[in-house]
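[1] Got a predicted model here, sequence first, then my questions.
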Amino acid sequence: QVQLVESGGGLVQPGGSLRLSCTASGFTLENYPIGWFRQAPGKEREGISCIRSSTGTFYYADSVKGRFTISLANAKDTVYLQMNNLRPDDTAVYYCLAAPTCAESHLRLVTTLSNWGQGTQVTVSS
């Protein structure tokens, strides 16, 4: 089972940037579809981005397209989510998890699972 730990969240002003990290222990991630998900207060969890580096596959939800960038570290043990031009509606707990593929339907399926880690809180507020 792929075990991942999220980090990098914090408080940022609207228009600011943060970089989230999703780190694996003891193995590399290039062959796994790794998704970033988020859950805002009172809302359902949603898949916002995904990468499978070995196949050059990427996915971005419309809500983050053009503002967020997903990438794999050179060491291949960490997936980053660079978040620019943050907005108050980006406030959420952010999670990463392996997915069957980076297809939107599979990310949606993953949101129904219960084996989530603690995530990392991102708060966008002035």
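    Okay, I see it.
[2] Okay, and the residue nearest the centre of the chain sits in which element?
    For the chain, the residue nearest the mean C-alpha position is Trp36 (2.1 Å; C-alpha atoms, centre = their mean). Remark: Trp36 resides in strand 34-39, with elements defined by DSSP states H and E.
[3] what does the average pLDDT come to for that strand?
    Taken as a whole, strand 34-39 has a mean pLDDT of 97.
[4] same question, stretch 59-75
    97.
[5] List the buried residues in it.
    For stretch 59-75, burial by neighbour count (16 or more other C-beta atoms under 10 Å) applies to 59-61, 64, 68-70, 72. From N, CA and C alone the C-beta is placed, and that goes for glycine too.
[6] likewise stretch 45-61?
    So for stretch 45-61, counting by 16+ other C-beta under 10 Å, buried means 45-53, 59-61.
[7] can you check stretch 18-31 too?
    For stretch 18-31, the neighbour count (16+ other C-beta under 10 Å) marks 18, 20-24, 29 as buried.
[8] again with stretch 82-91
    Neighbour-count burial for stretch 82-91 [16+ other C-beta under 10 Å]: 83, 86, 90-91.
[9] again, but for stretch 89-103
    Going through stretch 89-103 with 16+ other C-beta under 10 Å, the ones that come out buried are 90-99, 101-102.
[10] sorry, back to before: who's in contact with the strand holding Trp36?
    Residues outside strand 34-39 that contact it (C-beta atoms under 8 Å, 6 or more residues apart in numbering) are 4, 20, 22, 45-52, 59, 70, 79, 81, 90, 92-99, 102, 107, 110-111, 119, 122.
[11] try stretch 114-126
    Under the contact criterion C-beta under 8 Å, 6+ apart, stretch 114-126 has outside partners 4-14, 16, 18, 20, 38-39, 83, 86-97.
[12] Return the distance of the strand holding Trp36 from the chain's centre.
    Going by C-alpha atoms, centre = their mean, to the nearest Å, the spacing between the C-alpha centre of strand 34-39 and its chain's C-alpha centre is 4 Å.
[13] let's number from 51 now, not from 1
    Renumbered: residue one is now 51, and that last one reads strand 84-89.
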